[in-house]
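Enquirer: With the sequence up front, the predicted model follows.
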Amino acid sequence: MIDPLAQPLTLPCGARLPNRLCKAAMTEGMADAKLRATERHERLYRTWSLGGAGLLLSGNVMIDREVLERAGNVCLDVRHGVSDEALERLRRWARAGTEGGNHLWMQISHAGRQSPRYLTRRPLAPSAVSLDLLGNYARPRALEESEILDFVDRFARVAELARDTGFTGVQIHSAHGYLLSSFLSPITNQREDAWGGSLENRARFLIETLRAVRARVGADFCVGLKLNSDDFRKGGFSNIECLKLVEWLNAEQLDLLEVSGGTYEQPRLLGFSGRADSAVPEQSSTRQREAYFLDYARAIKTVATMPVMLTGGFRSRAGMCEAIDEGACDVIGLARPLATDPEAPSRLLSGEIEMLDTYEQGLRLGRAKWLSAASPILPLKLINVLGSQAWAGQQMLRLADGLAPQPEHGVLWAFLRYLRDELSGAVRLWRSRRGLS
């Protein structure tokens with residue numbers, strides 16, 4: 001019997017994934033003050049490349065240096081030119097990240113309104129709708145139509161740079177409330193022009209971007225998309241709208257559709273819910289499964305003609321194999337567990353392990369008893385959510401420095417380290433912007 005996880009997958013563009021496991025995107029925070037890739041990226045992605053996954057996705061590579069997701073983002077802002085040194089660093093990253101014979105795709109993104117105050121004084125969005133999370137996000141400015149068209153072109157030009165520097169594909173990020181995703185939601189997109197209103201108008205930015213990217217990179221280069229199955233917010237981008245959009249996307253020469261869900265307000269992508277008064281209840285069968293969005297992926301597969309990747313919550317080999325065997329998805333995305341066990345894909349494929357328990361055990365060790373995602377106190381809930389993410393991030397930094405993970409470090413410790421790193425990174429960034437460093 002053929003192992004479902006070990007089967008190769010030929011994508012619509014003709015490229016071949018050696019197996020069905022993908023290291024899904026995680027924000028790295030490892031760029032230098034000029035927002036360029038560093039040796040840390042090379043070391044980390046070489047480690048993951050040799051870890052056995054058939055596909056690696058980078059963290060957010062931003063297209064706008066003024067509106068970042070975090071201080072350590074790699075950014076390719078083509079308006080200002082991309083230096084030869086920055087391109088050479090990308091080449092080294094791509095070589096290191098494909099050393100194991102796998103694919104490495106660049107995830108291309110714009111943070112939109114989800115750029116924190118300490119980085120962006122005036123974020124950008126479809127409409128001037130603020131993100132209310134402890135006052136950490138400034139009121140965004142609504143984009144002019146000329147700016148939207150410019151961003152379409154920038155996504156495409158960055159995709160071309162990815163191809164030219166050795167990445168084997170790109171993934172356009174239209175999930176989790178970032179700019180393209182925010183255009184899809186009626187909550188954040190209140191425009192009355194051709195880019196708002198009906199779903200067709202709200203999806204225009206995304207579809208025009210995909211067409212521009214494909215025109216730039218050619219028919220034989222891998223182009224993927226990350227899309228919310230549901231925003232899980234009342235009045236937001238819904239699963240019904242997602243299914244309709246996927247029908248339209250069938251005509252857009254996509255090679256892989258990654259299914260995710262949630263936004264900063266409703267962080268279902270991390271396995272948590274946000275404010276109860278704005279949350280859309282999840283399906284009861286979803287709560288009983290290890291994969292957060294399995295039921296949604298199954299519905300999407302009934303209308304999608306491109307391969308589908310499902311990310312979020314997978315912990316058992318049996319669950320992964322079942323999802324592929326039953327046709328719910330074609331590729332399994334694994335993220336935070338690979339921060340503590342970078343060789344987990346090889347170990348899953350060989351049958352050495354049946355569970356991805358290193359991450360969960362370490363997280364349980366690191367989480368203080370008073371930190372609970374179910375806490376009614378919003379700051380404590382946020383510390384738990386962000387602390388869990390920061391904890392994985394600290395493990396990644398150790399891998400990037402050639403060190404072994406330290407799962408015994410606490411979540412609160414990781415959260416405080418994250419704040420320290422972000423603020424010091426922001427200072428370096430502001431000094432760099434002013435030519436002081």
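Expert: Okay, I see it. Keep in mind the model is a prediction, meaning the values are calculated, not measured.
Enquirer: and residue 224, which of the three is it?
Expert: Under the three-state scheme (DSSP: H, G, I helix; E, B strand; the rest coil), residue 224 adopts strand.
Enquirer: pretty sure it is touching residue 170, no?
Expert: Yes - at 7.0 Å, residue 224 counts as touching residue 170 under the criterion of Cβ atoms under 8 Å. For the C-beta atoms, the positions are set from N, CA and C on the backbone; glycine is no exception.
Enquirer: what sits against the residue lying closest to residue 52 once chain neighbours are set aside?
Expert: Spatial nearest neighbour of residue 52, excluding adjacent residues (Cβ to Cβ, 6 or more residues apart in numbering): residue 346 at 3.2 Å. Shown in contact with residue 346 (Cβ atoms under 8 Å, 6 or more residues apart in numbering): 51-52, 352.
Enquirer: ok, residue 346 to residue 59 distance?
Expert: 22 Å (Cβ to Cβ, to the nearest Å).
Enquirer: and what of residue 388?
Expert: Note on residue 388: its distance to residue 59, by Cβ to Cβ, is 17 Å.
Enquirer: Which one of these two is surrounded by more residues?
Expert: Comparing residue 388 with residue 59 by other Cβ atoms under 10 Å, the one with more neighbours is residue 59, at 27 against 24.
Enquirer: What score does the more buried one have for pLDDT?
Expert: The model reports residue 59 with a pLDDT of 96.
Enquirer: Give me the secondary structure label for it.
Expert: Recorded secondary structure, residue 59: coil (three-state DSSP).
Enquirer: wait, residue 259 sits on residue 297?
Expert: Yes - the criterion here is Cβ under 8 Å, and residue 259 meets it with residue 297 at 4.5 Å.
Enquirer: Compare those two (neighbour count), which wins?
Expert: Counted by other Cβ under 10 Å, residue 259 and residue 297 do not tie: residue 259 has more neighbours, with 32 against 27.
Enquirer: and the strand or helix carrying that one, how far out from the chain's middle?
Expert: Here residue 259 sits within strand 256-260, counting by DSSP states H and E. Offset of strand 256-260 from its chain centre (Cα atoms, centre = their mean, to the nearest Å): 10 Å.
Enquirer: how about stretch 99-117 as CSV, C-alpha atoms only?
Expert: Taking C-alpha atoms only, stretch 99-117 is exported to CSV below (Å, rounded to 0.1, in the frame of the first residue of the first chain):
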residue,chain,number,x,y,z
GLU,A,99,19.3,21.8,-0.8
GLY,A,100,17.3,18.7,0.0
GLY,A,101,15.6,18.5,-3.5
ASN,A,102,12.4,20.1,-2.3
HIS,A,103,10.5,23.2,-3.5
LEU,A,104,10.9,26.6,-1.8
TRP,A,105,8.2,29.2,-2.6
MET,A,106,8.3,32.8,-1.6
GLN,A,107,5.1,34.0,0.2
ILE,A,108,4.4,37.5,-1.0
SER,A,109,2.2,39.8,1.1
HIS,A,110,1.1,43.3,2.1
ALA,A,111,0.2,43.8,5.8
GLY,A,112,-2.6,46.3,5.1
ARG,A,113,-4.2,47.6,8.2
GLN,A,114,-2.4,44.9,10.3
SER,A,115,0.8,46.8,10.7
PRO,A,116,1.5,47.9,14.3
ARG,A,117,1.9,51.5,15.4
